[in-house]
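[1] sequence plus the predicted model coming up.
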Amino acid sequence: MGMGVSSSSRRGKRSRRAAMAEINVTPLVDVMLVLLIIFMVTVTLPAVGVPIELPESRANAVEETPTQVTISIDGEGRVYVENERIAAGALPEALAAINRTGSGELPTVVLRGDRSLDYGRVMAVMGELGRAGFTSISLVTDGSVTPP
């Protein structure tokens with residue numbers, strides 16, 4: 001009988017749990033890692049927004065510099081300096097407006113040309129670059145795994 005009394009007295013008491021004083025940071029860390037991965041993927045994407053289908057090549061990659069200027073020629077032959085479209089015949093003026101570096105040297109030009117372009121169109125743009133004094137020109141291609 002004594003056992004019955006003690007069990008009924010325990011049922012009458014309500015046990016309260018103490019509030020947790022700690023913060024669970026695991027979900028926060030998970031979210032931050034996902035955001036970090038997204039940030040890293042989007043930062044490594046090319047900064048130039050002109051959609052171009054680049055030709056393939058087995059050439060080694062060239063390092064990017066902060067002073068380089070990107071010139072793109074799309075599939076229809078339109079020329080872009082960075083993301084700004086240049087009117088027909090206005091390329092010499094656009095090249096003259098490109099800032100020189102602190103030492104007075106012209107920046108490196110990165111030339112992106114669509115694979116469907118006529119060779120003469122690319123050479124015409126390269127000729128204007130040469131006339132404007134740009135001597136360091138890099139041609140951008142996609143990497144290819146098979147030799148020609």
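    Nice, I can see it. Numbering: from 1, shown residues only.
[2] quick one, what contacts Val79?
    Neighbouring residues of Val79 by Cβ atoms under 8 Å, 6 or more residues apart in numbering: 71-73, 85-86, 91, 125. Bear in mind the C-beta positions are built from the backbone N, C-alpha and C, glycine included.
[3] could you do Glu63 as well?
    Counted by Cβ under 8 Å, 6+ apart, Glu63 has zero contacts.
[4] rewinding a little: now that we have the contacts of Val79, which one has the most neighbours?
    Greatest neighbour count in the contacts of Val79, by other Cβ atoms under 10 Å, goes to Ile71: 27 neighbours.
[5] okay, and it sits in which element?
    strand 69-73 (DSSP states H and E).
[6] in this structure, where is pLDDT below threshold?
    In the predicted model of the chain, residues 1-15, 20, 44-49, 100-104, 144-145, 148 satisfy pLDDT under 70.
[7] which parts of it are helices?
    2-12, 26-43, 91-96, 119-131 (DSSP state H).
[8] can you say which of these is nearest to Gly77?
    helix 119-131 (5.1 Å; Cβ to Cβ).
[9] what comes into contact with the strand holding Ile71?
    47-48, 50, 52, 79-82, 98, 107-114, 117, 121-122, 125, 129.
[10] for stretch 129-137, same thing?
    Here stretch 129-137 has contacts from 71, 92, 95-96, 106-111, 126, using Cβ under 8 Å, 6+ apart.
[11] and Asp59, how far from Phe39?
    You called it Asp, but residue 59 is Ala. 29 Å (Cβ to Cβ, to the nearest Å).
[12] confirm for me that Pro51 is in contact with Asp74.
    Yes. Between Pro51 and Asp74 there is a contact at 7.2 Å, judged by Cβ atoms under 8 Å.
[13] who's more crowded, the two?
    Asp74 (18 against 9).
[14] test my guess that the more buried one contacts Asp114.
    Yes. Between Asp74 and Asp114 there is a contact at 5.6 Å, judged by Cβ under 8 Å.
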